[in-house]
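Trainee: From the sequence below, what's the structure:
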Amino acid sequence: MSPGSTDDDHVLTKRGERRVFVFIAVFLFPILSVVLVGGFGLLVWLFQLFFGPPGSG
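Mentor: Prediction:
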């Protein structure tokens, strides 16, 4: 802690950290997971749409 800070500032920082953690763990990571998996699935689907399924050549 810096010399000018108080315990109240530290509590607010901990509260802010908890909010950020909950946001990341509950909202951001699940949304990013769905977007990444869905995007990969779309990429594979489009690839197979144009070039056929694996082993068909």
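Trainee: Next, the buried residues of the longest helix seen in the chain.
Mentor: Looking across the chain with DSSP state H, the single longest helix is helix 29-51. Residues of helix 29-51 classed as buried by neighbour count (16 or more other Cβ atoms under 10 Å): none. No exception for glycine: its C-beta is placed from N, CA and C like everyone else's.
Trainee: Would you mind pulling the contact partners of that helix?
Mentor: Identification of contacts with helix 29-51 by Cβ atoms under 8 Å, 6 or more residues apart in numbering yields Pro54.
Trainee: pLDDT (mean, whole number) over it?
Mentor: Averaging pLDDT along helix 29-51 gives 97.
Trainee: Count the residues that sit near Leu28.
Mentor: Look at Leu28: counted by other Cβ atoms under 10 Å, it has 11 neighbours.
Trainee: any idea how far Phe47 is from it?
Mentor: Separation of Leu28 from Phe47 (Cβ to Cβ, to the nearest Å): 28 Å.
Trainee: Roughly how far does the residue nearest in space to the middle of the chain sit from Pro54?
Mentor: Central residue of the chain (Cα atoms, centre = their mean): Phe29, 2.9 Å from the mean position. Between Phe29 and Pro54 the computed distance is 31 Å (Cβ to Cβ).
Trainee: again, but for Arg19
Mentor: Plainly put, Arg19 is 46 Å away from Pro54 if you go by Cβ to Cβ.
Trainee: Phi and psi next, for Pro54.
Mentor: The phi and psi values for Pro54, taken as degrees, to the nearest 10, are phi -60, psi 140.
Trainee: Just give the closest residue to it, not the sequence neighbours.
Mentor: Closest residue in space to Pro54, ignoring its immediate chain neighbours: Gln48 at 7.8 Å, by Cβ to Cβ, 6 or more residues apart in numbering.
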